[in-house]
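[1] Predicted model and sequence follow; I will ask about them next.
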Amino acid sequence: GGALWLYLQQTAGVAIANTKVMEYFAGYLLEKSLAIDNVFVWLMIFAAFAIPPALQRKLLLYGVLGAIVLRTIFIFIGAWFVQEFSWVLYIFGAFLVYTGFKFLKGQDEEETNIEDMAILKWLRKHMRITPQMHEDKFFVRQNGMLWATPLFLVLILV
């Protein structure tokens, strides 16, 4: 932060440097607070599926890398949609307004049950999933058929 302030102070002036450095720190703190929130969600998922600590690192690595790849893909797809079909901005805007109202309305303070998550119900309905873990494998072959393991479910959630 100090190097940024010195550079901006020399090139743009003290007032602009102060404003830009405060904006930078606000974004930095927001990002850190959201990262802490993710850690608690990951801990809940690991506890619900009884994931041993030795496998948690592998799941986080693959999960975060997968999230980066998917976000990049969706950003490019979204940018293409907006460029080709400008009316799609109204749909995105309506979705943001809807989620904003939903957030303001609040939710009941009931405990979240991971087993009730829609994505887990969908995966269990459409995939063969073993009831137990198989070491560090995401998929196993049983009786000539490919089965996902609970580790794969956790990877999707992460």
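    Structure's in. What do you need? Numbering: from 1, shown residues only.
[2] Could you check which helix or strand contains the residue positioned nearest the centre of the chain?
    Among the residues of the chain, Ala67 comes closest to the average C-alpha position under CA atoms, centre = their mean, at 6.4 Å. Secondary structure from DSSP states H and E places Ala67 in helix 53-84.
[3] Would you mind checking the average pLDDT for the helix or strand following that helix?
    Per DSSP H and E, the first helix or strand lying C-terminal to helix 53-84 is helix 88-105. Mean pLDDT, computed over helix 88-105, is 89.
[4] do stretch 141-158 as well
    In the prediction, stretch 141-158 has an average pLDDT of 93.
[5] Check what pLDDT Ala17 gets.
    68.
[6] Also Tyr24?
    Value listed for Tyr24 in the pLDDT field: 79.
[7] Give me the distance between the two termini of stretch 39-58.
    Using CA to CA, to the nearest Å, one end of stretch 39-58 lies 15 Å from the other.
[8] And that stretch, what's buried?
    Residues of stretch 39-58 classed as buried by neighbour count (16 or more other CB atoms under 10 Å): Trp42, Ile45, Phe46, Ala48, Phe49, Ile51, Leu55, Gln56. (C-beta placed from N, C-alpha, C; glycine too.)
[9] what does stretch 115-128 give?
    Leu120, Leu123.
[10] Ok, stretch 145-158 next?
    Those buried within stretch 145-158 under the rule 16+ other CB under 10 Å are Trp147, Ala148, Thr149, Pro150, Leu151, Phe152, Leu153, Val154, Leu155, Leu157, Val158.
[11] list the helices and strands the biggest helix by length in the chain packs on?
    Counting by DSSP state H, the longest helix found in the chain is helix 14-48. Here helix 14-48 touches helix 2-11, helix 53-84, helix 150-157, going by 3 or more CB pairs under 8 Å, 6 or more residues apart in numbering; DSSP states H and E.
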